[in-house]
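Asker: Dropping a prediction and its sequence here:
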Amino acid sequence: MKNTTLLSYLELLIANVIWGGTFVAAKHALEAISPILLALTRFVISSLLFLPIIYLAWKKGQYIKKEDFKTIILLGLLGITFYFTFQFLGLEYTTATNASLLIALIPIFTLFFSAKILKEKSSLGKIGAIVISFFGAGLVIMNGAWIYP
């Protein structure tokens, strides 16, 4: 295995460990502050962390086109602000484990909506993997209640 491939796998592993750990950290933080304040805090901190990157891009002459601002704002609201606000609101009512499992079900919804809205074809293998992941996540979320009532 090449060093770059190994490094890529290591980076993916680190990203997933950090991402998975955010549910536990968020659940702990919700004991002290509201979900809305937590989402706002996360948004402000991440925005501040991106400022040096934006500055370096600006310095190199890489600007955002004026016509792209509406799209960027919409994506920022839907993909970041609303996502984390609803995640933290939901996390108030369940465990970090359940929340992370529910988020892990996103590929199921992606497959469903891409087939319904974009008319994309789904292979039997994809559908089988989605069914297995759905029942596996459901089994963990229901704490085995489907099998052991």
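Answerer: It's in. Numbers count the residues shown, from 1 in each chain.
Asker: Please compute how far the longest helix seen in the chain lies from its chain's middle.
Answerer: The single longest helix within the chain, with elements called by DSSP state H, is helix 3-29. Taking CA atoms, centre = their mean, to the nearest Å, one finds the center of helix 3-29 at 12 Å from the center of the full chain.
Asker: Let me know the average pLDDT across that helix.
Answerer: Along helix 3-29, the predicted local confidence has a mean pLDDT of 87.
Asker: List the buried residues of it.
Answerer: Buried residues in helix 3-29, counting neighbours by 16 or more other CB atoms under 10 Å, are found at 22, 23, 26, 27, 29. All C-beta atoms are positioned from the backbone trio N, CA, C, and that covers glycine.
Asker: Repeat that for stretch 27-37.
Answerer: Buried residues in stretch 27-37 (16+ other CB under 10 Å): 27, 29, 30, 35.
Asker: Give me the distance between the two termini of that stretch.
Answerer: Stretch 27-37 stretches 13 Å from its first residue to its last (CA to CA, to the nearest Å).
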